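**Q** Okay, sequence plus prediction incoming.
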Amino acid sequence: MLQPSLLRAIPRQGCLLELHYATGEKKFFDVAPYISGRWFGELGDVAYFQSVRLLEDGKGIEWPHGQDIAPHELYELSFFQ
């Protein structure tokens, strides 16, 4: 399944990302289960977590050092609040 394009990714308290999709959907993704080890552990730093940005094509997100989460995971494992 193709995921709709992301328009915004807003970091929220508690390792949540608020995701806004081109379909008008607003969903939330919990990054907490990913924050471990050398690669993703850096996301545990609040300031670094908040530096998340959209990929140019709106297909995903990433952090400055290259950490990312697959677009299908973002869409399929996020929830409405």
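**A** Sure, I can see it.

**Q** how many neighbours does residue 77 have?
**A** The tally of other residues near residue 77 (other C-beta atoms under 10 Å) stands at 13. C-betas here are computed from N, CA, C, even on glycine.

**Q** ok, and for whichever helix in the chain runs longest, which residues are buried?
**A** In the chain, ranked by residue count with DSSP state H as the criterion, the top helix is helix 71-76. Going by neighbour count (16 or more other C-beta atoms under 10 Å), the buried part of helix 71-76 is 71, 74, 75.

**Q** chain center to that helix, what's the gap?
**A** 9 Å (C-alpha atoms, centre = their mean, to the nearest Å).

**Q** That helix packs against which elements?
**A** strand 16-21 (3 or more C-beta pairs under 8 Å, 6 or more residues apart in numbering; DSSP states H and E).

**Q** moving C-terminal of the strand it packs on, what's the next helix or strand?
**A** Next helix or strand after strand 16-21 toward the C-terminus (DSSP states H and E): strand 26-30.

**Q** Between strand 16-21 and that next one, find me the angle.
**A** With axes from the mean of the first three to the mean of the last three C-alpha atoms, to 10 degrees applied, the angle from strand 26-30 to strand 16-21 works out at 150 degrees.
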